[in-house]
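Q: the following comprises the amino acid sequence and a computationally predicted model.
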Amino acid sequence: MNGDSRDRGILSQADRAYLRGEADLATVQSERNTRARIRDRIYDAVLDFELVVGELTDHDRKLIFEKRLAETEGTEAFDALVSAVAFLYQATGDTELDFETVLKEGINVAEATDERVATVDFDLTFRSLTVEQLRNKLDSGEELSLTEIAYLHDSDEVRMDELARYFGDSDAVTSEIDDGRIQSKVTNF
């Protein structure tokens, strides 16, 4: 998400610029203050979700997601929701809480408003990513996930034109994918 023209959410425009590396803070103390302010806002926002889930009307939620988020251009809505889940997954890992338990309870809190309960099956399997392994998948015609494509894109071992040849006209694709979020890059492939 670019976010330069957006109003303040959890982050102010200055906070967003700082996190993107676009702001040059004058002193070490001002950088510490900025980082502390961002941490405080995120902490308070996470605590606010209990109130939002319990008290925000269905109508208001639908106006946010069916109207505003669904009308965003390109992959912005997808990136925003994936990033929110990724952040909460990482954050849960920083606590003593189990993500599977948090996920199951969160889904059931949401489903309880429709007077039903859900059975959630969650299977998480880890495997390492290597450039060689992913090149072999591409060479054998297997599809790559967005995460795998992002890994190759960020790797110093793979040139952009080399990656682009797997997805189409390398000159056209390479010229279009030099910046932005990975979802946008993948969409261009």
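A: Perfect, I can see it now.

Q: please pull up the helix or strand immediately following the helix ranked longest in the chain.
A: Ranked by residue count, the top helix of the chain under DSSP state H comes out as helix 28-55. Read in the C-terminal direction, the helix or strand following helix 28-55 is helix 58-62, with elements assigned using DSSP states H and E.

Q: list the contacts for the closest residue to Thr147 other than its chain neighbours?
A: The shortest distance from Thr147 to any residue that is not its chain neighbour, by C-beta to C-beta, 6 or more residues apart in numbering, is 7.8 Å, and that residue is Leu129. The C-beta positions use only the backbone N, C-alpha and C, and glycine is treated the same way. Residues touching Leu129, when contacts are defined by C-beta atoms under 8 Å, 6 or more residues apart in numbering, comprise 147-148, 151.

Q: how about Ile107?
A: If a contact means C-beta under 8 Å, 6+ apart, then Ile107 has 118, 120 as its contacts.

Q: relative to Glu143, how far out is it?
A: When C-beta to C-beta, to the nearest Å is the yardstick, Ile107 and Glu143 sit 28 Å from each other.

Q: can you give me how far the longest helix of the chain is from the chain middle?
A: The gap between the average C-alpha position of helix 28-55 and the chain average comes to 18 Å, counting by C-alpha atoms, centre = their mean, to the nearest Å.

Q: return the set of buried residues in that helix.
A: Within helix 28-55, the residues that qualify as buried by neighbour count (16 or more other C-beta atoms under 10 Å) are 34, 38, 41.

Q: just give the closest residue to the last one, not the sequence neighbours.
A: Counting by C-beta to C-beta, 6+ apart, the nearest residue to Arg41 once its immediate chain neighbours are dropped is Ile10, at 5.2 Å.

Q: what about stretch 15-28, average pLDDT?
A: This predicted structure assigns stretch 15-28 an average pLDDT of 92.

Q: which elements pack onto the helix or strand containing Asp161?
A: Asp161 is part of helix 160-164 when elements are defined by DSSP H and E. Counting contacts by 3 or more C-beta pairs under 8 Å, 6 or more residues apart in numbering; DSSP states H and E, helix 160-164 packs against helix 146-154, helix 170-176.

Q: looking at those, which one has the lowest mean pLDDT?
A: helix 170-176 (a mean of 46).

Q: sorry, back to before: who wins for most neighbours among the contacts of Leu129?
A: Most neighbours among these, by other C-beta atoms under 10 Å: Tyr151, with 18 neighbours.

Q: check the residue lying closest to it once chain neighbours are set aside and give its pLDDT.
A: Here the nearest residue to Tyr151 in space, its sequence neighbours aside, is Leu129; by C-beta to C-beta, 6+ apart that works out to 4.9 Å. The predicted local confidence for Leu129 comes out at a pLDDT of 89.

Q: in stretch 109-118, what counts as buried?
A: Buried residues in stretch 109-118 (16+ other C-beta under 10 Å): none.

Q: alright, that wraps it up for me.
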